[in-house]
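Peer 1: no FASTA, just this:
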């Protein structure tokens, strides 16, 4: 069974009285442990597809099965719980909470679990160790470089040990060196920790690190490109 | 609430200037609110302290205060024979037949004001044990001598020991100063009741105050007054309760007027809190989107922002109360509506006032913070994340 199965999904937004189509009858499967890169020009619908898979947006029609659960049918509360347990988020601009330390940022998603304070501390320390920032726990985001901030964001994404990681332009705001480090880290999460990763990117070098690359254009999914 | 309190606290401290301005606005309103309540409570405390739990005061029914109460001699004689009246060890009745009149004196800070002159009987100090002769000597019975309350000496011209006051067609020598620890007696002049009656051409008394063995006896005494056609136009009451009731009118007037004004002020503070919180939501739209994406529910966002608004309000409340508490060191004088005479009182703080002021602050924070917090919780995740 595919980890993610998107079937005949359409998505359109309402602008005034006009319906603007963003995704046209898209179907895609992502296998467990796959590293998928979604590429395409601006406005092609790749971020929309990512948001639908991550459960932060709802399709106009079609179904999205993630590990057998049709997330399009989940209520808002159930969907929020599902996201907290199953999905790790990585954003282009890191989206760290500026007033919280690296430790506290990584601890945030764990606040939604039933873990004790001690267990949360262990999880945070492990996640920050994985991204190589165990020595920066008390630093606030503005005391960290862009690459380090994105690594904290990755630590936050893996803190709850989710099955799926969604990354929206994870290298879009980074220099080449930092971007390489981030991609190496994502590769490691995929190969070493078995995380299923869906990544949206404009950067061909970042896309090269993915196992599968799919292109979108004007809301249509183009042919599959598989790498060995 | 799932969102850690440290997030709320750190956001509060991260925007020091806006937070401080909002705290200042709320503190100002709470200060005024607390000051009004402290003023009303101060007046009540002063008047209530004037009465004793073991004294009974008899006044004419439907009189609005001592000044409008008249007890003729015949009735007074009947009252003085009641068995409920307590006596001292020597068998002397513990009673004072008071006559209260109003005179005008010049205030030190300009203008004229009414002052109560109370004619008293010799047992008065045994009945009103809180009243002490602080300076000088007691007036001589049968002479035109007076002792003045400490607040009168402080606030009125020519009210010091040795001075002469001219009223009721004669000169009265001030021979002493009395103090009662902040009760209404501090704002009175005391002299011999016989002299007051002669000077003001009166044959009746204003009130009769006597000691009873037990305050519980008041109910049977009331029934006795009701059942006796000679006494049923008069009403006995425990002195403290009498002054408590007397204080209600003025305290309620101050409270209602003060709270009305404060509520109008509070609109400004609420709008201030609202602007601050709307700005907080606008500045942190991406954070809200991120928190929601991570799995935090709308309710958690609502509570987090609301708690932040309440935190601002509670800080404002505490600051306002701290500043208001300084007012305890100041005293004011005003015209007592029921005695028509000057009354000095201090602002008085009580746990109830602290609680009411904090509740008021919290209410302002809630009203000011709710709409922005609601807006924060209703933001769509996608829309909020796009704000980045």
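Peer 2: Yes, it's here. Quantities reported herein were computed from a predicted structural model and do not represent experimental measurements.
Peer 1: what's near enough to touch whatever residue of chain A ends up closest to chain B?
Peer 2: Closest to chain B within chain A is residue A:84: 2.6 Å, counting by C-beta to the nearest C-beta. C-betas here are computed from N, CA, C, even on glycine. Counting by C-beta atoms under 8 Å, 6 or more residues apart in numbering or on different chains, residue A:84 touches A:109, A:112, A:113, A:160, B:294, B:295, B:296.
Peer 1: Compute the number of surrounding residues for residue B:73.
Peer 2: Neighbour count of residue B:73, defined by other C-beta atoms under 10 Å in any protein chain shown: 12.
Peer 1: quick one: secondary structure of the residue nearest to it when sequence neighbours are not counted?
Peer 2: Spatial nearest neighbour of residue B:73, chain neighbours left out: residue B:203 (6.2 Å); criterion: C-beta to C-beta, 6 or more residues apart in numbering or on different chains. The three-state label for residue B:203, taken from DSSP: H, G, I helix; E, B strand; the rest coil, comes out as coil.
Peer 1: Residue B:49 now?
Peer 2: Here residue B:49 is recorded as helix under three-state DSSP.
Peer 1: residue closest to the middle of the chain?
Peer 2: Just so you know, I chose chain A. residue A:166 (1.3 Å; C-alpha atoms, centre = their mean).
Peer 1: Switch to chain B, please.
Peer 2: In chain B, the residue lying closest to the centroid (C-alpha atoms, centre = their mean) is residue B:41, at 2.2 Å.
Peer 1: Get me the contact residues on chain A for chain B.
Peer 2: A:51, A:54, A:56-57, A:76-77, A:80-81, A:83-85, A:89, A:91-93, A:95, A:97-100, A:104, A:107-109, A:111-112, A:156 (C-beta under 8 Å from any C-beta of the partner chain).
Peer 1: Next, residue A:22: phi, psi?
Peer 2: Backbone geometry at residue A:22, expressed as degrees, to the nearest 10, gives phi -120, psi -40.
Peer 1: give the contact list for it.
Peer 2: Contacts of residue A:22 by C-beta under 8 Å, 6+ apart are A:11, A:12, A:13, A:45, A:48, A:219.
Peer 1: Quick check, pLDDT for it.
Peer 2: With respect to pLDDT, residue A:22 has a value of 93.
Peer 1: so who does the residue of the stretch 51-200 of chain B found nearest chain A touch?
Peer 2: Residue nearest to chain A within the stretch 51-200 of chain B (C-beta to the nearest C-beta): residue B:182, separated by 49.5 Å. Residues near residue B:182 by C-beta under 8 Å, 6+ apart: B:45, B:46, B:49, B:345, B:346.
Peer 1: Work out for me the element whatever residue of the stretch 1-150 of chain B ends up closest to chain A sits within.
Peer 2: In the stretch 1-150 of chain B, the residue that lies nearest chain A is residue B:10 (3.8 Å; C-beta to the nearest C-beta). Residue B:10 belongs to helix B:5-14 when elements are defined using DSSP states H and E.
Peer 1: that older thread, mind checking which of the residues of chain A next to chain B are in strands?
Peer 2: Among the residues of chain A next to chain B, DSSP state E puts residue A:89 in strands.
Peer 1: out of the residues of chain A next to chain B, which are buried?
Peer 2: A:51, A:54, A:56-57, A:80, A:83-84, A:89, A:91-93, A:95, A:97, A:99-100, A:104, A:107-109, A:111-112, A:156 (16 or more other C-beta atoms under 10 Å in any protein chain shown).
Peer 1: For the longest helix that chain A contains, which residues meet the burial criterion?
Peer 2: For chain A, the helix that runs over the most residues, judged by DSSP state H, is helix A:176-191. Neighbour-count burial for helix A:176-191 flags A:178, A:179, A:180, A:181, A:182, A:183, A:185, A:186, A:189, A:190 (criterion: 16+ other C-beta under 10 Å).
Peer 1: Identify, from those residues, the entry nearest to residue B:305.
Peer 2: residue A:182 (32.2 Å; C-beta to C-beta).
Peer 1: Fine, thanks again, bye for now.
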